[in-house]
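**Student:** Here you go, sequence then predicted model.
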Amino acid sequence: MTVGEAINRVQSLYSRGAASDSSRLEGRYIYNLIKTARSMAAANSFWLSGGWEYMAICAELVAAKPEECGCNPSFGTTFWRTKKPIPTPLKRNGHNLVSVSSMDGTMSVSETTWEAARYRPGNRYKTNEYFIKNGNLYFLSVRERIKTLSVNGVWFDPVEAAQYGGELKDANDVDLGVSPELWAHVFDIVKSELSAFVQMEEDGTTDSSDRPVK
């Protein structure tokens with residue numbers, strides 16, 4: 001399902017029909033609801049095993065100083081980071097829903113954490129590892145000298161991920177990356193949040209002129 005299709009479905013629920021230009025519920029607000037609902041669904045144990053479609057981005061790397069990532073270097077270990085911050089990935093049990101590999105898929109990169117890497121003796125590093133810190137992906141390598149990595153993830157904002165590699169023509173055409181079954185779960189969360197929004201709207205338009213005078 002695309003972003004535009006999902007927004008239209010939620011808009012129809014709110015408007016009880018086709019959305020109009022005067023609708024109080026804007027597409028940007030709806031999309032924010034959908035993003036939040038996807039994040040909540042990722043934390044739901046019922047959906048931990050599947051229902052997600054990963055979206056790959058091409059992350060350009062630049063050399064990083066050891067002190068920049070706060071790790072203890074050893075001879076032959078090099079440090080790299082993404083040239084610009086990557087989109088925010090969704091998490092499951094404290095782990096990012098991300099897999100990292102070389103562009104041709106022949107080299108996989110193991111996930112670690114900054115906390116684990118910074119205190120590990122330099123000679124204990126694996127061949128290739130990565131961690132995410134302050135929005136950047138850091139690549140710790142013993143042998144590899146590569147300029148780009150394929151970062152495959154379930155992103156909090158699919159539109160941001162689609163824009164990562166360049167210009168995006170239409171955000172409405174971006175795939176949300178959820179199965180039909182998972183979308184039903186996300187939609188239920190959105191409906192719950194939307195009910196609270198509608199209630200606030202109704203409360204905000206109620207004044208004393210609406211009440212009979214005693």
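**Tutor:** Perfect, thanks for sending it. Numbering: from 1, shown residues only.
**Student:** how about the helices in the protein?
**Tutor:** Along the chain, the segments classed as helices by DSSP state H run 3-15, 27-42, 66-69, 114-118, 158-163, 180-204.
**Student:** what about these, which gets the closest to N96?
**Tutor:** Closest to N96 of the helices of the chain is helix 27-42 (C-beta to C-beta; 10.5 Å). Yep, even glycine has a C-beta here, placed from its N, CA and C like the rest.
**Student:** quick one: low-confidence parts of this structure?
**Tutor:** 16-24, 45-50, 71-76, 119-127, 143-144, 196-214 (pLDDT under 70).
**Student:** domain parsing for it?
**Tutor:** What automatic domain parsing lists as the domains of the chain is 3-51+175-200, 55-163.
**Student:** Which of these sits closest to K169?
**Tutor:** Closest approach to K169 among the domains of the chain (C-beta to C-beta): domain 55-163, 9.8 Å.
**Student:** First-to-last residue distance for that closest one?
**Tutor:** Start to finish, the residues bounding domain 55-163 are 12 Å apart (C-alpha to C-alpha, to the nearest Å).
**Student:** Off-centre distance for that domain?
**Tutor:** Relative to the mean C-alpha coordinate of its chain, domain 55-163 is positioned 16 Å out (C-alpha atoms, centre = their mean, to the nearest Å).
**Student:** Next: stretch 1-18.
**Tutor:** How far stretch 1-18 lies from its chain's middle: 21 Å, per C-alpha atoms, centre = their mean.
**Student:** Which residues does it contact?
**Tutor:** Residues from elsewhere that reach stretch 1-18 (C-beta atoms under 8 Å, 6 or more residues apart in numbering): 19, 23, 25, 27, 30-31, 33-34, 158-159, 170-176, 178, 180, 183, 187, 190-191, 194, 198.
**Student:** Distance of V174 relative to L182?
**Tutor:** Separation of V174 from L182 (C-beta to C-beta, to the nearest Å): 16 Å.
**Student:** just T82 next, same as before
**Tutor:** For T82 relative to L182 (C-beta to C-beta), the value is 28 Å.
**Student:** Next, the closest residue to N134 other than its chain neighbours: phi, psi?
**Tutor:** Spatial nearest neighbour of N134, excluding adjacent residues (C-beta to C-beta, 6 or more residues apart in numbering): P85 at 7.6 Å. Main-chain dihedrals, P85, degrees, to the nearest 10: phi -60, psi 140.
**Student:** mind listing what P85 touches?
**Tutor:** When the contact criterion is C-beta under 8 Å, 6+ apart, the partners of P85 are N134, G135, N136.
**Student:** in the biggest strand by length in the chain, what's buried?
**Tutor:** The longest strand of the chain (DSSP state E) is strand 55-63. Using 16 or more other C-beta atoms under 10 Å as the test for burial, strand 55-63 gives M55, I57, A59, L61.
**Student:** a markdown table please, covering those and showing distance to G165.
**Tutor:** Conversion of those to a markdown table gives the following (distance: C-beta to C-beta, whole Å):
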| residue | distance to G165 |
| --- | --- |
| M55 | 11 |
| I57 | 6 |
| A59 | 9 |
| L61 | 14 |
